[in-house]
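Visitor: Need coordinates for the below:
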Amino acid sequence: MTGFSAEQADRRRRLFLLAQLQARSAVSEPGPEETATVSGAGSAPVPTWKRKRRSFETAIADRATPLAWVFTGEPACGAPDDGPSVPLSGLAGVAIRENLRRQTDAFVDTSSPGLRLTELLQDFDRRVARFRPDILVVGTTTREEVRALKGLPRFERRLIQLTRYCHRRGCEVILMTPTFRAATSAEDEIDRLVYVEATRGIAAEHAIPLVDLWAHGEETGDLSAGGLLHRFLRDLQLERERSEASTDCGAPRRRASLQ
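Guide: Numbers count the residues shown, from 1 in each chain. Just a heads-up that it's a prediction; the model follows:
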């Protein structure tokens with residue numbers, strides 16, 4: 001992509017994928033339109049949760065105020081050589097507590113494999129609101145619809161709906177692309193990439209922090225738990241925060257074992 005900036009290259013790639021999907025959709029019948037609302041969105045705001053919104057950077061820098069983190073949506077799990085997969089949420093909690101001097105932060109994981117945005121919005125009270133999060137980490141999935149183009153507009157609308165609803169309640173949102181998985185065909189690859197590109201585009205257009213796990217796997221081939229955690233900390237600039245926290249202590253702190 002010589003001659004184009006990274007942002008221009010991403011946009012060209014997204015438009016190319018959409019053009020391919022539009023060509024395919026010409027022979028497909030549209031599916032029925034679904035409706036989705038945030039569970040509890042029509043009722044009065046919950047005073048105990050609604051608070052003044054702070055940016056992610058400001059919230060992290062304020063080490064005196066504990067934060068409640070909720071990980072939901074599609075879970076991000078490392079792929080170890082043997083044994084069970086390791087959820088990123090648990091590793092992130094350990095790293096943030098030990099390396100960022102945030103010992104009183106709380107971490108909750110309500111993610112489920114294949115959890116679609118429709119289901120998350122409909123079950124929002126139980127999966128998110130009851131924990132009154134300061135930071136909501138939403139793992140997006142590539143399995144929103146069988147036919148990608150049919151589901152794409154709804155996916156984008158609901159992702160924006162979710163982030164705006166949380167922002168109004170003072171909760172910062174972090175979007176996370178799914179972990180990379182090799183496609184079985186060209187059509188399968190397009191169906192997945194269009195959701196990845198949509199997540200990237202919404203994050204950029206609405207200034208939402210993004211953890212791009214898909215790019216990490218695609219670029220490095222590293223699907224290990226430690227690799228995913230490294231990308232999580234890097235994309236959120238928490239490695240820098242770790243260094244500053246260590247300097248405040250007067251000596252480097254022990255880093256959590258990631259591998």
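
Visitor: Near residue 168, how many other residues are there?
Guide: Neighbourhood size, residue 168 [other C-beta atoms under 10 Å]: 12. C-beta: built from backbone N, CA, C; applies to glycine.

Visitor: Show the contacting residues for the residue nearest to residue 62 when sequence neighbours are not counted.
Guide: For residue 62, ignoring the flanking residues on the chain, the nearest one in space by C-beta to C-beta, 6 or more residues apart in numbering is residue 54 at 7.7 Å. With contacts defined as C-beta atoms under 8 Å, 6 or more residues apart in numbering, the neighbours of residue 54 are 62, 134, 170, 172.

Visitor: Inside strands: which ones of the residues you listed?
Guide: Mapping the contacts of residue 54 onto strands (DSSP state E) picks out residue 172.

Visitor: Which two among the contacts of residue 54 are spaced furthest apart?
Guide: Maximum pairwise distance in these, criterion C-beta to C-beta, is 13.7 Å, between 62 and 170.

Visitor: Neighbour count: those two, which is higher?
Guide: Each of residue 62 and residue 170 has its neighbours counted (other C-beta under 10 Å); residue 170 has more, 15 against 12.

Visitor: pretty sure the more buried one is touching residue 55, no?
Guide: No: counting by C-beta atoms under 8 Å, residue 170 sits too far from residue 55 to count as a contact (11.2 Å).

Visitor: Look up the pLDDT of residue 118 for me, please.
Guide: Predicted confidence (pLDDT) for residue 118: 89.

Visitor: Give me the secondary structure label for it.
Guide: helix (DSSP: H, G, I helix; E, B strand; the rest coil).

Visitor: What is the neighbour count of it?
Guide: Neighbour count for residue 118, taken as other C-beta under 10 Å: 17.

Visitor: gap between it and residue 150?
Guide: From residue 118 over to residue 150 the distance is 13 Å, taken as C-beta to C-beta, to the nearest Å.

Visitor: Next: residue 227.
Guide: Applying C-beta to C-beta, the value for residue 227 to residue 150 is 33 Å.

Visitor: got the residue ranges for the helices in the stretch 101-250 of the chain?
Guide: Counting by DSSP state H, counting those that start in this stretch, residue ranges of the helices within the stretch 101-250 of the chain are 117-122, 124-127, 148-168, 186-205, 213-220, 225-235, 238-249.

Visitor: Many thanks, have a good one.
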